[in-house]
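Visitor: coordinates for the following, if possible.
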Amino acid sequence: MFTNTFYDWAENISHQAKRLIEQELKLRREFTEKIDSHFLRCFFPGMNDMPENFINEPIRIDQSLPHITMDDVEHLRNELPEMFDEIVVPSIVPDIMRNEIAENVEPVDHSDIATMTELSLFNIEHLEMNELNMGKFVSENNEIVKNLKENLNITKAKNENQRNLLKRLRSTFIDLIEFCQTNQLDDLKQQLSTYGQDFFNEIKTLNTHLNEISNTMNQLQSCSLQDKQTIIELNAKIEALENQVKLKNSHLKACNQKLSEEKIKN
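Guide: Residues are numbered from 1 along each chain as shown. Below is the predicted model of the structure:
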């Protein structure tokens, strides 16, 4: 479980670092294109440097091997004596030489001293030759081990630099996330405050318009009531005038009738 979590974390870190490097490359190229022909180009020589592509390139399997010495073996013997017998230390004598010695050393017939002497001399010469070859092999192996130690030290320094760079990238990425989150929250608060103030202003304006409209409606209603009262009064006056006209007409008819009667009498 821990291994899977560690692999996921390392993969996420590598993807984030890769995106940061790609973004940095893009920004540097855009910046270089903008001021490439400008006289200020000489003041920014550092923009020519591009970061290494170590994030998306696989590391060779033999680059990060630990450097084990005899002191480490002795320390293991002291710390874990019950497991020390399971450690197999490679022999510096090649298997080919060991097989040759085993094949050439034959049982000697003690009854024949001359044959034994010849075989002993042959074995001594062969052993001297094997010892000489073994010395050459050991010196070559020592040179190889020395070169391996130098390469391991160089690789260790490179890995240390890469770890430091990854730590800096991680801290930079965390700071960038915190900065973006803080700025986004501040911007969101500012926008909400602005929108809230605008909303309240709009509500006040709408309330003012509604009050004006209600006042106008009240005025119109009062005017309509007054007009209705005036119309009623005018209708009453008209009706009274009509009655007066009717009375006048009846009076005129009576007068005309009297006049006609007097004319007839005369």
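
Visitor: residue ranges with poor pLDDT in the stretch 151-266 of the chain?
Guide: Low-confidence segments of the stretch 151-266 of the chain (pLDDT under 70): 181, 183-185, 188, 266.

Visitor: go again using 80 as the cut-off
Guide: For the stretch 151-266 of the chain, applying pLDDT under 80 flags the ranges 151-162, 173, 175-192, 195-196, 222-224, 227, 258, 260-266.

Visitor: same question, the stretch 1-150 of the chain
Guide: Looking at the stretch 1-150 of the chain by pLDDT under 80, you get 1-3, 28, 31-69, 72-73, 76-77, 80-150.

Visitor: which stretches in this structure count as helices?
Guide: Listed in chain order, the helices of the chain (DSSP state H) span 2-35, 70-79, 95-104, 113-265.

Visitor: could you dump these into a markdown table with mean neighbour count added?
Guide: Just so you know, the C-beta spots here come from the backbone N, C-alpha and C atoms, and that holds for glycine as well. Formatted as a markdown table, those follow (neighbours: other C-beta atoms under 10 Å):
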| stretch | mean neighbour count |
| --- | --- |
| helix 2-35 | 12 |
| helix 70-79 | 11 |
| helix 95-104 | 12 |
| helix 113-265 | 11 |
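
Visitor: ok, Lys189 to Asn201 distance?
Guide: As for Lys189, its distance to Asn201 is 19 Å (criterion: C-beta to C-beta, to the nearest Å).

Visitor: and what of Asp72?
Guide: Taking C-beta to C-beta, one finds Asp72 at 77 Å from Asn201.

Visitor: equivalent analysis for Cys223, please.
Guide: Taken as C-beta to C-beta, the span from Cys223 to Asn201 is 33 Å.

Visitor: what's the answer for Leu76, then?
Guide: Distance from Leu76 to Asn201, by C-beta to C-beta: 79 Å.

Visitor: and Lys34, by the same measure?
Guide: In terms of C-beta to C-beta, Lys34 sits 43 Å off from Asn201.

Visitor: same question for Leu252.
Guide: In terms of C-beta to C-beta, Leu252 sits 75 Å off from Asn201.

Visitor: then Ala157?
Guide: With distances taken as C-beta to C-beta, Ala157 is found 65 Å from Asn201.

Visitor: check Ser193 too.
Guide: 13 Å.

Visitor: can you check Asp36 too?
Guide: Taking C-beta to C-beta, one finds Asp36 at 50 Å from Asn201.

Visitor: and what of Phe39?
Guide: Going from Phe39 to Asn201 by C-beta to C-beta gives 51 Å.

Visitor: do the same with Glu24
Guide: Distance from Glu24 to Asn201, by C-beta to C-beta: 45 Å.

Visitor: do Lys26 as well
Guide: Distance, Lys26 to Asn201, using C-beta to C-beta: 43 Å.

Visitor: how about Glu178?
Guide: 35 Å.

Visitor: same question, Lys253
Guide: Counting by C-beta to C-beta, the gap from Lys253 to Asn201 is 77 Å.

Visitor: and if you look at Leu152?
Guide: Using C-beta to C-beta, Leu152 is found at 72 Å from Asn201.
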